[in-house]
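A.B. asks: Starting from these lines, generate the structure:
(chains A and B)
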Number of protein chains: 2
Amino acid sequence: MNFLEERIVKDGIVKEGNVLKVDSFLNHQMDIKLLNQMGAEFKKRFADKNINKILTIEASGIGIACIVAEHFDVPVVFAKKSQSINLDGEMYVAEVESFTHKCKNNVIVSQKFLSEDDHVLIIDDFLANGCALQGLIQIVQSSGATVEGIGIAIEKGFQSGGRIIRNLGFQLESLAIVDGMDASTGQIFFREQNAEN
Amino acid sequence: MNFLEERIVKDGIVKEGNVLKVDSFLNHQMDIKLLNQMGAEFKKRFADKNINKILTIEASGIGIACIVAEHFDVPVVFAKKSQSINLDGEMYVAEVESFTHKCKNNVIVSQKFLSEDDHVLIIDDFLANGCALQGLIQIVQSSGATVEGIGIAIEKGFQSGGRIIRNLGFQLESLAIVDGMDASTGQIFFREQNAEN
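C.D. replies: Numbers count the residues shown, from 1 in each chain, chains lettered A, B, ... in the order given. The predicted structure follows:
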């Protein structure tokens, strides 16, 4: 197990309905030392990529993205989520449908902050069905920028988002891929990955 | 002028209606080096305080809080904003009224992450009328924890939030206090502060 898998086993809580609560260290309270370890690991996994910007989405992606950005020495742009568009200036907007919440949301980034010169690493805390991520990819592509890679903390491997994104040819690196959970025992089953950490 | 005031003059945009846009470096695109300078400055200003946790509020406070947290070597908790309460577990909830948006919002923190043992530094990007900040203070006090200080990037000194919070006896440190703006010339007038930086 790597450092993140170990932490998930130690402090994650499995709930009925394939819910994994990691709010004590990742997405409500945030362990900054852990985020730094994640930053170092992403830097290793994307070592051959020339990345000049990190893109994430509010809210829980922002903290991770900012700490990861220190390892790449680049700025962060965070996309806003909104059900209606009410930002001034020219915006890239992707309409994404949420499977979980059964509603449509707009993912929005100001055109000032993404252009064809940008080489983007997308960072987020969770990947399940991948709706938000598909919106972010769509936005990067609308701007003419390049998606150099996607770094995710925890992927729910039993949902389709990861497979779809990899099938599209993106380098998607998830530090922990959960292939199954058992709410009655609290057990979490991780997919084996090759990374030696 | 300090480093943040200089950056605001360089890259901030004054709009009609006392709007100051700093989205190119602070709250849409984020300059991580600048956030690190802010972290170092807050560490200096709160040097005599024994801080073990940083509290902020989604979304634009999170990035600043995480980088500032590295300077204090403490975890971050971010409060969630919601018009309805739909989080499981026991929550601290403060209902705050927004002057700008003319609506009521709940500021929510899980009870697991704040207790009477905590000495909290509250961090946010903007302070104007101070509604969100009042909600955060209310939550810290509900938990029995102590507000050791409040660190703000940009305070709109011509609105009442800062005065109210200081009148209540809190150590409120705003790295830049804007006392006025002129949309026709783009000029920004800062309050003079004693800090030698």
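A.B. asks: Let's see the pLDDT reported for the one residue sitting closest to the centre of chain A.
C.D. replies: Taking C-alpha atoms, centre = their mean, the centroid of chain A lies closest to A:Asp124, which sits 1.9 Å from it. Predicted confidence (pLDDT) for A:Asp124: 98.
A.B. asks: what residues are up against it?
C.D. replies: A:Asp124 sits next to A:Thr56, A:Ile57, A:Gly61, A:Ile64, A:Ala132, A:Leu133, A:Leu136, A:Ile150, A:Gly151, A:Ile152, A:Ala153 when contact means C-beta atoms under 8 Å, 6 or more residues apart in numbering or on different chains. Every C-beta, even on glycine, is put in place using the N, C-alpha and C of the backbone.
A.B. asks: Present those as JSON lines; the columns should include pLDDT, neighbour count and distance to B:Asn50.
C.D. replies: Listed next are these as JSON lines, based on pLDDT from 0 to 100; neighbours: other C-beta atoms under 10 Å in any protein chain shown; distance: C-beta to C-beta, whole Å:
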{"residue": "A:Thr56", "pLDDT": "98", "neighbour count": "28", "distance to B:Asn50": "32"}
{"residue": "A:Ile57", "pLDDT": "97", "neighbour count": "28", "distance to B:Asn50": "35"}
{"residue": "A:Gly61", "pLDDT": "97", "neighbour count": "29", "distance to B:Asn50": "31"}
{"residue": "A:Ile64", "pLDDT": "98", "neighbour count": "29", "distance to B:Asn50": "27"}
{"residue": "A:Ala132", "pLDDT": "92", "neighbour count": "25", "distance to B:Asn50": "38"}
{"residue": "A:Leu133", "pLDDT": "96", "neighbour count": "25", "distance to B:Asn50": "41"}
{"residue": "A:Leu136", "pLDDT": "97", "neighbour count": "26", "distance to B:Asn50": "40"}
{"residue": "A:Ile150", "pLDDT": "98", "neighbour count": "26", "distance to B:Asn50": "40"}
{"residue": "A:Gly151", "pLDDT": "98", "neighbour count": "25", "distance to B:Asn50": "35"}
{"residue": "A:Ile152", "pLDDT": "98", "neighbour count": "27", "distance to B:Asn50": "36"}
{"residue": "A:Ala153", "pLDDT": "98", "neighbour count": "25", "distance to B:Asn50": "31"}
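A.B. asks: so which of the residues you listed would you say is closest to chain B?
C.D. replies: Closest approach to chain B among the contacts of A:Asp124 (C-beta to the nearest C-beta): A:Ile64, at 8.2 Å.
A.B. asks: Please, which helix or strand holds the closest one?
C.D. replies: If you go by DSSP states H and E, A:Ile64 is part of helix A:60-72.
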